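[1] Sequence and predicted model, in that order:
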Amino acid sequence: MDINLNKISPALSDPASPVNKSRLGTSFPSGKFMMSSRKMIPKLDDVKSNGWLEAMISSSPPRKPLPKRLVKDFNVEVAPEDDSAQRAWMRKYPSAITSFEHIAAQAKDKKIAVFLDYDGTLSPIVDDPDRAIMSDAMRAAVKDVAKYFPTAIISGRSRDKVYELVGLTELYYAGSHGMDIMTPVNVNGSPQGPDSVKSTDQQGEEVNLFQPAKEFIPVIEEVYNSLVELTKGIKGTKVENHKFCTSVHYRNVDKKDWEIVGQIVHDHLKQYPRLRLTHGRRVLEVRPVIEWNKGKAVEFLLESLGLSNGDDFLPIFIGDDKTDEDAFKVLREREQGFGILVSSVPKESKAFYSLRDPSEVKKFLKNLVKWRKMEDSTSM
């Protein structure tokens, strides 16, 4: 696999925005604030003009279709509930449960590898990220899957945090959108190099850590500390340090303040040309500017598992967020495996199939185990 980890470009944001070539690291934004009687408020210009406010609004569509109305806060019209549109979307992204026989036919006599997002896939989306707890039944389903197939969690959370939430030693873990990957050292073909180091896991077992963005750890810590300080006056804002990226959640922020949150983060990042701003489900994410994402993480893990060559394997990736599209895209371009989007509302995706919510994810995983058991019993 040809991976260029050193190609650095001065991109700041997902929607294109001009780059301010100021110094790499500093703790506070430069002179773009005006004083109010209550708190420091940035001038609200770039976030509107470069499309970031629109991206923040659209990044988290309603979980259920809403009746047609005007959202006055943002002058955005929400589409009406339309059964025909929903049916058309389901034809394009059919249910992975009702299509299971087709998936099983494609998987016959092949080695399956399962990749799972965490938030919104294994656990419900909740207002407080710390309360996004997977159920015992879901944990049991994932544990069963790992008995039969190599299984990995690839999350935007830090690797340590997602391991704490899942708590299964049978899995492979990739945190920070795949910038921190843990695999056993005895995995066949486990890649080594300047970005791989030996370490120990929570049980004291020797593991291999692949961290292509480790040089960014100090600056991510610096940006995290600054953003905590800069957003502390905005009620509902939550900033998380995922070691290789920083997340600014605005799910619990009053909608009239979303623009302020976006402008603060946007302004502050202008001082860091080697960091970029992306967005997920009501979250702004600060990441290193390297060619690495969940799709690259899938490719790395497939190579680590000895499943990157030939056509006798079938990877399945299940996820719900924009960051999972990188993985869906890789599987589609390889013409190998399936991406499964978790969503209850229509939205465009590189996935092949869909599931409505984590309860359907659990059902699909159980079907996968049941199918493998039947295949094993008939081959005896």
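    Good, I have the coordinates. Residues are numbered from 1 along each chain as shown.
[2] Could I get the contacting residues of the nearest residue to residue 242 once chain neighbours are set aside?
    In this structure, residue 242 finds its nearest non-sequential neighbour in residue 158, 4.2 Å apart by CB to CB, 6 or more residues apart in numbering. Heads up, the C-betas are built off the backbone N, CA and C, glycines and all. Contact partners of residue 158, counting by CB atoms under 8 Å, 6 or more residues apart in numbering, are 175-176, 180, 241-244.
[3] Is it possible to get JSON lines of those residues that adds distance to residue 105, neighbour count and pLDDT?
    JSON lines is the format used below for the contacts of residue 158 (distance: CB to CB, whole Å; neighbours: other CB atoms under 10 Å; pLDDT from 0 to 100):
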{"residue": "175", "distance to residue 105": "34", "neighbour count": "27", "pLDDT": "95"}
{"residue": "176", "distance to residue 105": "36", "neighbour count": "30", "pLDDT": "94"}
{"residue": "180", "distance to residue 105": "36", "neighbour count": "26", "pLDDT": "94"}
{"residue": "241", "distance to residue 105": "45", "neighbour count": "19", "pLDDT": "95"}
{"residue": "242", "distance to residue 105": "39", "neighbour count": "25", "pLDDT": "92"}
{"residue": "243", "distance to residue 105": "41", "neighbour count": "22", "pLDDT": "92"}
{"residue": "244", "distance to residue 105": "39", "neighbour count": "24", "pLDDT": "94"}
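[4] Can you tell me which of those lies closest to residue 308?
    Distance to residue 308 across the contacts of residue 158 (CB to CB) is lowest for residue 180, with 20.4 Å.
[5] from what I can see that closest one touches residue 217, true?
    No: Residue 180 is not in contact with residue 217 according to CB atoms under 8 Å; the separation is 9.9 Å.
[6] overlap in contacts of those two?
    With CB under 8 Å, 6+ apart as the test, residue 180 and residue 217 both reach 243-244.
[7] Could you point out the longest helix of this structure?
    When the chain is parsed with DSSP state H, its longest helix is helix 358-378.
[8] Residue 195 contacts residue 216, correct?
    No: here residue 195 does not reach residue 216: they are 12.0 Å apart, not a contact under CB under 8 Å.
[9] of the two, who's got more company?
    residue 216 (24 against 19; other CB atoms under 10 Å).
[10] Quickly note the distance from the more buried one to residue 163.
    21 Å (CB to CB, to the nearest Å).
[11] swap in residue 353?
    From residue 353 over to residue 163 (counting by CB to CB), the distance is 28 Å.
[12] I'd say residue 179 and residue 220 touch.
    No: Residue 179 lies out of contact with residue 220 (CB under 8 Å); the separation is 10.0 Å.
[13] if I look at the two, which residues touch both of them?
    Shared contacts of residue 179 and residue 220, counting by CB under 8 Å, 6+ apart, come down to 244-245, 288.
[14] Sitting in strands, which of those do you find?
    Counted as lying in strands by DSSP state E, out of these, are residue 288.
[15] Quickly name whichever of the shared contacts of residue 179 and residue 220 is closest to residue 364.
    Of these, the one sitting nearest to residue 364 (CB to CB) turns out to be residue 245, at 28.6 Å.
[16] I figured the closest one hits residue 177, correct?
    Yes: between residue 245 and residue 177 there is a contact under CB under 8 Å: 6.5 Å.
[17] Overlap in contacts, the two.
    Common neighbours of residue 245 and residue 177, counting by CB under 8 Å, 6+ apart, are 156, 285, 287.
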